[in-house]
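> Any chance you can model this:
(2 chains)
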Amino acid sequence: MIRLSDLDTCFEGVIPAVIATAGADAEPNISYLSHVVRVDDDHIALSNQFFGKTAENLRRNPCATILLVDGRTGAQFRLETLFAHSRTEGPLFDLVAAQLAASSAQVGMGLPMRLKGVDVFRVLSITATPTLAPDADAPPPAVDLPGFARAAEAIGAAPDVAAAYDAALDAATTLIGADGAMVLMRDHPRDALVAVLGRGYDQGGAGADVPFGEGVIGLAASMNHVMRVGDLGRVRRLGAAIEASREPEDRSRRIQLPGLAGALSQMAVPLRAGSELVGVLFLESRRRLAFGRHEEAAAVILARLLATAVRLAEGRSAAPSRARTPSAPVPADSRIIRVRCHAYDDSVFVDDAYMIKGVAGRILAYLIQRHLTEQRDEFTNREIRLAPALRLPGYRDNLETRLILLRRRLEEKSAPIRLVSAGRGRIRLVLDGRPELSGDILGDRPA
Amino acid sequence: MDASLVRFLQRPVMIILGTVDPAARPEIGRGVGVSVTPDARGVELLVSGWQWPATIANIRATGRAAATFSRPSDYETYQVKGRASLRAAAEAEAAIARAYCRDTLAALMDLGVAPGLVEHWQATRDLVVVSLIPDAVFVQTPGPRAGQRLGGMT
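Take a look at the predicted model:
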């Protein structure tokens, strides 16, 4: 006997389902369905975007036959159902709304049509439609639990925030099968995320912005729900057109989010510490339907472990008071590094190349300014955290994560200014020349 | 039938069929080919009696069917409802079904659909011709015109 729980890959929204109903006059009606959700072992839910006829028929005759198609194999399943009830709010409604949003993002439509309601059907029988197609390959193996336990240890025992991110990205690629994985942090107080670290991408992208609600990543943040898409085949051509029209970074001051060439599956998982959204863990794969229910469960556990580990590490990064190591003397004939700051978006340009803006931009300007006035290279995270000019909102601001992002961005740009770790809770500014600050100087502004 | 609908049906479109059994229970089937009759008053759908036996039995019992045609590239969709009758397919119709399978496979692959996914519904065993004389045609393309009746019908 086939059970609904055997049909996971029919609920991925890849291949449209079909519904047939009968009118009062026994007139058949048949249409495609955009989304079907499994509610429990005996019920499924459909988003109510029906054409009037289907809805009208169901009020008179609750019998509906639904054809589901397995998005992985193409196999078809006939469900004999009875219309049970409609929901216009509550957890099921929110779940269907979230899934609809994800599939709209999948076909490149941005925000979806407003969901009017969710219709729940009781499933009376499930039969496989006869087929002449050969048997499909075996499904990919489930997540390796012993490996996952080792990953949990590595994240929990990470000595600092960067190590926790690395361990989580390792797990995302080796255990969940992602070809590309990325951590994005919430950029308080804006409703936006900023890319911090990636794995598996050809290009960098630290500091790239993703507004809430935009694409799979932004939707995961705004809906505070896992977003999964299993077949991006059609979106790719759209993406190529957008790629071609991109503005140069130095003019737009927008860093491009890295993308995995040929990605067919994506999954964005909210990173929550306690109940607070602190970022998004994003996974992509070149395989179709790479992320099923089990992979989603694994990624949710991973995200929870990571967010908790990062929150703990941020809290304990207190280091001794300010560092007093004088900077190494810079030869008088060394080259000049031109650093220009713009107060209106806190953007920083180095030798006319756009580096970063926002809080990370303020931090970079602050470090260079302190270097020039105090002749030192080493800084403690604590003094950065407390510097009034930076206007950081406290430990919840994920300073360590911002420093990782900034460090990574400078590396990706091969900038003549770099940040390196100088032991726990300290960083060192490494300069290939003598910086000269111009533009809006940060320190003297009222905080 | 409307000239624009006749033109629409000459390109690769996905075909689903709705029927109802004598106890008013609805049934689903798929078509593997469609041709417009020379007088343009009806369509002939090709259906595998092996894969969709309930659909064939319902048409035999009730003489009614609804067929929805959808173009996979842009979701332009029409539903045709009317009187339906059956006959066994001849070699000419089997050739139409083979051409249809080839053309829709190419169209779907062009959209990034894996060929293995298509194979499941492209059954041509025990091919039956379903002649459908429309009573009404409805636009079902998602959007503002969805559900509207297409004019010019008898």
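> use CA for all of it now, contacts and neighbours both
OK.
> what about the strands in the stretch 301-447 of chain A?
If you assign secondary structure with DSSP state E, counting those that start in this stretch, the strands in the stretch 301-447 of chain A sit at A:336-342, A:347-350, A:353-356, A:378-380, A:417-421, A:426-431, A:434-439.
> how about the residues of chain A near chain B?
Counting by Cα under 8 Å from any Cα of the partner chain, chain A comes close to chain B at A:18-22, A:26-31, A:51-53, A:63-67, A:71-76, A:129-133, A:233-234.
> what sits against the residue in chain B positioned nearest to chain A?
Closest contact between chain B and chain A, by Cα to the nearest Cα, is at B:L117 (4.0 Å). Counting by Cα atoms under 8 Å, 6 or more residues apart in numbering or on different chains, B:L117 touches A:G71, A:R72, A:T73, A:G74, A:A75.
> residues from chain B in reach of chain A?
Counting by Cα under 8 Å from any Cα, chain B comes close to chain A at B:16-20, B:24-28, B:50-51, B:64-68, B:79, B:81, B:111-113, B:116-121, B:123, B:140, B:146-147.
> hey, where'd the strands end up in chain B?
B:14-20, B:26-30, B:34-36, B:43-48, B:64-70, B:77-88, B:127-139 (DSSP state E).
> scratch that, the stretch 51-200 of chain A
Taking DSSP E, counting those that start in this stretch as the criterion, the stretch 51-200 of chain A carries its strands at A:63-69, A:76-87, A:118-128, A:180-186, A:192-199.
> In JSON lines, list these along with mean neighbour count.
Shown next, in JSON lines, are the strands of the stretch 51-200 of chain A (neighbours: other Cα atoms under 10 Å in any protein chain shown):
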{"stretch": "strand A:63-69", "mean neighbour count": "26"}
{"stretch": "strand A:76-87", "mean neighbour count": "18"}
{"stretch": "strand A:118-128", "mean neighbour count": "19"}
{"stretch": "strand A:180-186", "mean neighbour count": "25"}
{"stretch": "strand A:192-199", "mean neighbour count": "23"}
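> would you turn these into JSON lines with mean pLDDT?
Shown next, in JSON lines, are these (pLDDT from 0 to 100):
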{"stretch": "strand A:63-69", "mean pLDDT": "96"}
{"stretch": "strand A:76-87", "mean pLDDT": "95"}
{"stretch": "strand A:118-128", "mean pLDDT": "95"}
{"stretch": "strand A:180-186", "mean pLDDT": "96"}
{"stretch": "strand A:192-199", "mean pLDDT": "94"}
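> nearest residue to A:L277 other than its sequence neighbours?
Distances taken as Cα to Cα, 6 or more residues apart in numbering or on different chains put A:L271 closest to A:L277, at 5.9 Å, once the chain neighbours are dropped.
> and the gap between the one you found and A:L4?
Computed as Cα to Cα, to the nearest Å, the A:L271 to A:L4 distance reads 30 Å.
> same deal with A:D41?
Taken as Cα to Cα, the span from A:D41 to A:L4 is 6 Å.
> Which one's more surrounded, these two?
Counted by other Cα atoms under 10 Å in any protein chain shown, A:D41 and A:L4 do not tie: A:L4 has more neighbours, with 19 against 12.
> close enough to count as contact, the more buried one and A:V36?
No - at 11.7 Å, A:L4 does not count as touching A:V36 under the criterion of Cα atoms under 8 Å.
> re the thing from before, which pLDDT does the model give the residue of chain B closest to chain A?
With respect to pLDDT, B:L117 has a value of 89.
> What residues of the helix or strand of chain B with the lowest mean pLDDT count as buried?
Sorting the helices and strands of chain B by mean pLDDT, DSSP states H and E puts helix B:115-119 at the bottom, at a mean of 90. The neighbour-count check on helix B:115-119 (16 or more other Cα atoms under 10 Å in any protein chain shown) flags B:L117, B:V118, B:E119 as buried.
> Equivalent analysis for stretch B:120-132, please.
B:H120, B:W121, B:Q122, B:A123, B:T124, B:L127, B:V128, B:V129, B:V130, B:S131, B:L132.
> could you dump those to JSON lines with distance to A:A195 and pLDDT?
Shown next, in JSON lines, are the buried residues of stretch B:120-132 (distance: Cα to Cα, whole Å; pLDDT from 0 to 100):
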{"residue": "B:H120", "distance to A:A195": "42", "pLDDT": "94"}
{"residue": "B:W121", "distance to A:A195": "43", "pLDDT": "94"}
{"residue": "B:Q122", "distance to A:A195": "45", "pLDDT": "95"}
{"residue": "B:A123", "distance to A:A195": "48", "pLDDT": "94"}
{"residue": "B:T124", "distance to A:A195": "51", "pLDDT": "95"}
{"residue": "B:L127", "distance to A:A195": "56", "pLDDT": "97"}
{"residue": "B:V128", "distance to A:A195": "57", "pLDDT": "98"}
{"residue": "B:V129", "distance to A:A195": "57", "pLDDT": "98"}
{"residue": "B:V130", "distance to A:A195": "56", "pLDDT": "98"}
{"residue": "B:S131", "distance to A:A195": "58", "pLDDT": "98"}
{"residue": "B:L132", "distance to A:A195": "56", "pLDDT": "98"}
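> ok, A:S265 to A:L281 distance?
Taking Cα to Cα, one finds A:S265 at 14 Å from A:L281.
> The two: which is more packed in?
When A:S265 and A:L281 are compared for neighbours, A:L281 comes out ahead with 30 against 24, by other Cα under 10 Å.
> is it true that the more buried one touches A:M182?
Yes - contact criterion Cα under 8 Å: A:L281 and A:M182 qualify, at 6.0 Å.
> ok and the residue in chain A nearest chain B?
Counting by Cα to the nearest Cα, chain A gets nearest chain B through A:G74, at 4.0 Å.
> hang on, that residue packs against B:V118?
Yes - using Cα under 8 Å, A:G74 makes contact with B:V118 at a distance of 6.6 Å.
> mind showing which ranges of the stretch 101-250 of chain A have poor pLDDT?
Scanning the stretch 101-250 of chain A for pLDDT under 70 picks out A:103-114, A:233-247.
> Neighbours of B:Q10, how many?
Residues lying near B:Q10 (other Cα under 10 Å) number 11.
> and it, what does it touch?
B:S35.
> and the longest helix for chain A?
helix A:293-315 (DSSP state H).
> Name the residues that touch that one?
If you take Cα under 8 Å, 6+ apart as the criterion, helix A:293-315 is touched by A:8, A:142-143, A:152, A:155-156, A:158-161, A:164-165, A:168, A:171-172, A:176, A:226, A:267, A:269-274, A:278, A:281, A:395-396, A:398-400.
> Identify the residues contacting A:S347.
A:R253, A:C341, A:Y354, A:M355, A:I356, A:K357, A:G358, A:G361, A:R362.
> filter those to the buried ones?
A:R253, A:C341, A:Y354, A:M355, A:I356, A:K357, A:G361, A:R362.
> Spell out the residue ranges of the helices in the stretch 251-400 of chain A.
Secondary structure of the stretch 251-400 of chain A, counting by DSSP state H, counting those that start in this stretch: helices at A:293-315, A:358-374, A:381-386, A:399-412.
> what does the longest helix anywhere in chain B contact?
Assignment by DSSP H gives helix B:91-110 as the longest helix of chain B. Residues outside helix B:91-110 that contact it (Cα under 8 Å, 6+ apart): B:12-14, B:32-34, B:46, B:72, B:114-115, B:118, B:122, B:124, B:127, B:129.
> Over to stretch B:29-49?
Contacts for stretch B:29-49 (Cα under 8 Å, 6+ apart): B:1, B:6, B:9-10, B:14-18, B:52, B:55-56, B:89, B:93, B:96-97, B:100-101, B:121-134.
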